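**Q** No letters, just coordinates:
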Ligand SMILES: [Zn+2]
């Protein structure tokens, strides 16, 4: 790390991105790429890293930086013009990828480099990039005949278009339904925060009364607290039929036909490349080796957790029947009565914690946690152009005051912004003319926004989400790898990528960490001991039901891409029904169309990979258990995690990195113990 830093790297000028300029700009970058490639391959002489990979990485970086800003805007500040420009570029970028992956001359040049003398002299990061590149040539169909190559290109292009449409339909369906309320009695049971948010939403649309939406901060409190059963049913149905052939907007943004087409094109793609199915193809780049290994892992967890989940549900039904006279519990009753039971059992509501989690304070506390763990100092930088006034920009410096990277933080839900929370790359760390290009991340959440003049008060779940995404952000930012292909999260197998994120969530449950930031927004007092105890006791409340829900999603996704059955929407539904019969305990109503909004697998990168969350949780829980043994702010353990995992990017195999940190291979015990499922709970810190 002797190279100087590019401190004043130019960041995207968001206010200057005009939709009509996007396509010509991308066209030009693609053309430059094509011309460069021809020049590089025409040059006589032996191939070296400097004459082949480095100039390509340089050009690729320009394209990635331009495109990631556009992709980001498409996610957080969507409008019709931007959408048109984005969609015009999608097939071109897909074709560009395919053309590179199928370029015979480039393949031969890479192979020559891999087999030549220089390879042995390269460091492990560059070797890994060359190895990955050769693997990816095969996965892009380099060995296929000309006709099959064409078909591969068509499939990829079509898939990228369909996946984008899936996401856009979901966004439109989410924002395409609202529920005005003028009868105050419907608000019974709702916490003030939810009522105020609904009033604010109504005011912004010049309406009287209250307006509820399908954005999560509006939807979730209704499901958890609204006493009016019919109101809950109505919201549940609207939410769980989004983008489907059923529900209040039936057929308007139906993702059904897209899903069927996506699945059948994925299957064709996998077969074309010589795999039995898309699950096998997906595992070619993952830590897990075979579909059998993944299925066995998920089944094992299902066996361990289903009876726990059944007992939890039975207790919930008994409580609802005995205390509230409820018969025939439905899906829209479960969060509501679960919250009632939680309050009865632990004398504690999710809402009780909110006043202790003002957003700014939580963000500052998060920074203190990573200061103690990794010696980082994080400070805002003013004057950086963003896409919305709520967005902040921060710089991350290490204990030697070196700039390690920076990030945008966009916390609150708003219209035209995709739901959920995620981290995305803006700039990737790499060497650029012998200086380090420091990484920049986008951290996006959809938290309850500030209402009136009160600060945004987060739920504990939202605090967990922030820590989770920040864990991804640190993985991207703290890398010391100097080559884009394996720096940060690049080149990290997908089923290991959730390790740093789930790992950081653990600090949200620790007294010592919470004391750094959980303070009442009005009185300034820290979290009272009894509230903390209740929160701890309630941690594993319904852990079995949560576990089987995650397994339901993981098994549905994996079997959907592994079993070669029919692939129309009826088959998708029947598989989901089958998985639910096997692992779920909560009965979904017949018109539940959750799968139509399962963007992770139909629009995101989790196809045949949703199991990654549980897979990586074994790693993250086990990694954290070393902190439980040594102290959660033990400096040596923190620095080991930084050096062994966060700084390494994708340059080495995740299993090797884990063993280096933990001193042994991962075991499942810590995950089970954290989920309240281990028979042995002796090692409580
Ligand atoms: Zn994640």
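**A** Arrived safely, thanks for sending. Because the structure is a prediction, the values reported are computed rather than measured.
**Q** From here on, just use CA atoms for contacts and neighbour counts.
**A** Will do.
**Q** in the chain, which residue is closest to the centre?
**A** residue 422 (4.6 Å; CA atoms, centre = their mean).
**Q** what sits opposite it in the beta ladder?
**A** Per DSSP bridges, the residues bridged to residue 422 are residue 444.
**Q** Show the pLDDT at it.
**A** Confidence at residue 422, expressed as pLDDT, is 96.
**Q** How about the lengthiest helix in the chain, which residues are buried there?
**A** Of all segments of type helix in the chain, defined using DSSP state H, the longest is helix 291-324. For helix 291-324, burial by neighbour count (16 or more other CA atoms under 10 Å) applies to 291, 294-295, 298, 301-302, 304-310, 312-313, 316-317, 319-320.
**Q** Next secondary structure after it?
**A** Downstream of helix 291-324, the first helix or strand assigned by DSSP states H and E is helix 334-346.
**Q** what's that following helix in contact with?
**A** Residues from elsewhere that reach helix 334-346 (CA atoms under 8 Å, 6 or more residues apart in numbering): 223-226, 316, 319-320, 348-349, 534, 537-538, 541.
**Q** ok, and the most crowded of those?
**A** Tallying neighbours with other CA atoms under 10 Å puts residue 223 at the head of these, with 25 neighbours.
**Q** Quick check: that one is in a helix.
**A** Yes. Under DSSP: H, G, I helix; E, B strand; the rest coil, residue 223 falls within a helix.
**Q** ok, it touching residue 332?
**A** Yes. Here residue 223 reaches residue 332: they are 6.6 Å apart, a contact under CA atoms under 8 Å.
**Q** got a list of what residue 423 touches?
**A** When contacts are counted by CA under 8 Å, 6+ apart, residue 423 touches 441, 442, 443, 444, 469, 470, 472, 473.
**Q** And for residue 326?
**A** Counting by CA under 8 Å, 6+ apart, residue 326 makes contact with residue 320.
**Q** can you check residue 531 too?
**A** Counting by CA under 8 Å, 6+ apart, residue 531 makes contact with residue 348.
**Q** before we move on, what about the one 3 residues further on?
**A** Residue 534 makes contact with 346, 347, 348, according to CA under 8 Å, 6+ apart.
**Q** does the last one sit in a helix, a strand or a coil?
**A** By that I understand residue 348. Per three-state DSSP, the secondary structure class of residue 348 is coil.
**Q** Now do it against residue 526, distance only.
**A** As for residue 348, its distance to residue 526 is 17 Å (criterion: CA to CA, to the nearest Å).
**Q** So the nearest residue to residue 655 once chain neighbours are set aside: helix, strand or coil?
**A** Closest residue in space to residue 655, ignoring its immediate chain neighbours: residue 665 at 7.4 Å, by CA to CA, 6 or more residues apart in numbering. At residue 665 the chain is in coil, as set by three-state DSSP.
**Q** re earlier: so which of the contacts of residue 423 is the most crowded?
**A** Greatest neighbour count in the contacts of residue 423, by other CA under 10 Å, goes to residue 470: 29 neighbours.
**Q** what's the helix or strand for it?
**A** Assigned by DSSP H and E, residue 470 falls within helix 460-477.
**Q** All set now, cheers.
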